[in-house]
Structures are given as C-alpha cells and as structure tokens.
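Q: I would like the atomic coordinates for the input below:
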Amino acid sequence: LEVGLGGRLDTTNIISSSLVSVIMSISFDHTAILGNTIEEITHEKAGIIKKNSDVVLYPIQMRETIDIIKEKCRKESAKFIMPDIDAVNICEENQEYSKFIIDGYKFKINMPGRIQIYNAVTAYYALKELTAKGFNIPYDVMQAEMSRAKMPARIEHISSDPDVFIDGGHNVDGIKNLTNYLSKYYNGRKITFITGMMSDKDIEGSLKIFLPIANTFI
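A: Alright, predicted model coming up:
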C-alpha cells in the first residue's frame, strides 16, 4: 500500500498490521496539512508504524527524523532497520544508469541520480525483511526487477539535440536532486528551466537552488 499523504490519517492506514513499513525521505512538503516543522511532519509519517512490525527507514534523514522514528518503534515494539550507506559499493554512475554492490550482490538500476541508488537500497532492505518472513524472493529476481524499474518524470530524458528533461520534483529536496544531476553531467551547458509550482510550495527556497545554474528561467 502506498500512502497518499502523510501517514497517520491517510486512508491506507485503516489496516491494523503490516509486513514491513517503509518510510522514505522526509522533507518539507504539504506543510499546510502535515505541519510546519520536520518533527511534526515526521510524527505524521510515523503514524503507519504498527505494533510488533518491521520498519525500514530511508538512510539519508535529518537527525530529528531518525530519533522520532526510533522512539515510535520502541513504543510499538517494532524492529527498526536503516540501511548502512557505507556498506554500499557504488561501481558506476552515469547519465542513464547506476551499478552498485550490497551484501555481495550487484545491482543495476536504469534511473539516473544518486538518490535512485538510495531508493533501490531501501527497497532491497525491505525485500530482505520479507524473505526473512518466509517469502521466496530470490536475489536474481530482485536484480532483474530492479533493472526494469522506471520512474517517469524524475530526471526523465525525453529528447536529445537539444537535451530535454522532465522532472516532477516540487520541494527543495527534489529540486536539489535535479540540480545536482545537471551540475554533475551538464556543467558548462546553457540550461533553460520552464517551471510551474503551486502557491503552497517553497517557491523562494526553490529559486535559490535553480537560479545559480540557470541560463534562462521561465
């Protein structure tokens, strides 16, 4: 089940138990509903944690987020799991795909950007918890399916000459992922941004990230 917004009061949270709860990157978004601080937002996200469950937390988080999730797990007697990024050996990264090794297994993901490696590692840890619960998920199946995974509108390269990308990131963290990628692989190129954002987003904070690498901004 994929939560639509937040967690604690999301409609998917009607379930009373879960095999594995996965909490991804937590940042400032939907603040009008979830709260104005990272602590408030994290409490809403932590609402999916069930008693005696397993919880996998995305590895790049603010310290406050980690502390809140750990405390919620303690109260619910839930197992807290956070991938060790230092144990991930990144073999290759380029504009189109990344390769990495974890636990001796090599994975290739056909999505660009360092964030997708961290996403894949988080998924791998969730799958490991499922195999520990008796589900038959062979490593070659994990490897094959991760290589097939696609995420449209996330640094999606849709045309060449000129290079055209679509990216649906609409918070500061998402925009940092895009600009980090462009700065790494297209440094020195003239970049035009055509951007639209809802009024409840951090427009000023987003512009501060966009503008330093923009040749033209629309």
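
Q: list the residue ranges of the chain that fall below the pLDDT cut-off.
A: Applying pLDDT under 70 to the chain flags residues 28-35.

Q: could you rerun that using 80?
A: Scanning the chain for pLDDT under 80 picks out 27-36.

Q: can you tell me which helix in this protein is longest?
A: Counting residues, the longest helix found in the chain (DSSP state H) is helix 114-132.

Q: mind giving me the packing neighbours of it?
A: Applying 3 or more Cβ pairs under 8 Å, 6 or more residues apart in numbering; DSSP states H and E, one finds that helix 114-132 contacts strand 20-23, strand 54-57, strand 89-93, strand 98-102, strand 105-109, helix 139-148, helix 172-185. Heads up, the C-betas are built off the backbone N, CA and C, glycines and all.

Q: looking at the ones you listed, which one is packed in the most?
A: The highest mean neighbour count among these, using mean count of other Cβ atoms under 10 Å, belongs to strand 54-57: a mean of 24.

Q: chain center to the following helix or strand past that one, what's the gap?
A: As assigned by DSSP states H and E, the chain's next helix or strand after strand 54-57 is helix 63-75. Helix 63-75 sits 18 Å away from the centroid of its parent chain (Cα atoms, centre = their mean, to the nearest Å).

Q: for stretch 8-26, same thing?
A: Counting by Cα atoms, centre = their mean, stretch 8-26 is centred 16 Å from the centre of its parent chain.

Q: which of the residues in that stretch are buried?
A: For stretch 8-26, the neighbour count (16 or more other Cβ atoms under 10 Å) marks 10, 13, 18, 20-26 as buried.
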